[in-house]
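Participant: Starting from these lines, generate the structure:
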Amino acid sequence: VSYMVGKDRIIFATKEDHETPSSAELVADDPDDPYEEQGLILPNGDINWNCPCLGGMASGPCGEQFKSAFSCFHYSTEEIKGSDCVDQFRAMQECMQKYPDLYPQEDENEEKEKSSKDLEATPMEASAAKEEKGSS
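Facilitator: Residues are numbered from 1 along each chain as shown. Next comes the predicted model:
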């Protein structure tokens, strides 16, 4: 039995589990292994495209555009970092707009927030109207 708590997996082992020899193989850490969870930047300064922190952005349908834009920003030496990457970010944005289910746009979220605020305002107005009727 196992379950996740945050980023940790809790595993309950039975007596039988402990009596069975382990089949796990220990492999020496390879600092150049991009699949190791070493964070976003590898020790050699390269981008770790397999970092869970990227949320799969590097492997989706717009992965190449994302990698291009992110690489440009990461290696940018401009005074305003990334100011030389406008074209790459525009290409990434245009690609993402083709897949709205995979890449929800912030504008849509803002519209949802506005509509939920409108819904919240309605009951308040209704309760205020009841109070006015009750006081007269």
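Participant: And the helices in this protein?
Facilitator: Ranges of helices within the chain are 15-19, 63-75, 86-97, 106-135, based on DSSP state H.
Participant: Need the mean per-residue confidence for the longest one.
Facilitator: pLDDT averaged over helix 106-135 equals 52, rounded to a whole number.
Participant: Let me see the contact set for the residue nearest to Gln65 when sequence neighbours are not counted.
Facilitator: Excluding its sequence neighbours, the residue lying closest to Gln65 (Cβ to Cβ, 6 or more residues apart in numbering) is Met92, at 4.0 Å. The way it works is simple: take the backbone N, C-alpha and C, and place the C-beta from them, glycine included. Applying Cβ atoms under 8 Å, 6 or more residues apart in numbering, we find Met92 in contact with Cys62, Gln65, Phe66, Ser68, Ala69.
Participant: Swap in 10 Å and give it another go.
Facilitator: Met57, Cys62, Gly63, Glu64, Gln65, Phe66, Lys67, Ser68, Ala69, Phe70, Cys85, Tyr103 (Cβ atoms under 10 Å, 6 or more residues apart in numbering).
Participant: and what of Gly45?
Facilitator: Applying Cβ under 10 Å, 6+ apart to Gly45 gives the contacts His74, Tyr75.
Participant: Numbering from 31 from now on, please.
Facilitator: From this message on, residue numbering opens at 31, which makes the last subject Gly75.
Participant: Please report the distance of it from Tyr105.
Facilitator: Distance of Gly75 to Tyr105, given as Cβ to Cβ, to the nearest Å: 9 Å.
Participant: mean confidence score for stretch 95-108?
Facilitator: Stretch 95-108 shows a mean pLDDT of 95 in the predicted model.
Participant: Just the residues contacting that stretch, thanks.
Facilitator: 70-71, 75-77, 79, 84, 86-90, 92, 111-126, 133.
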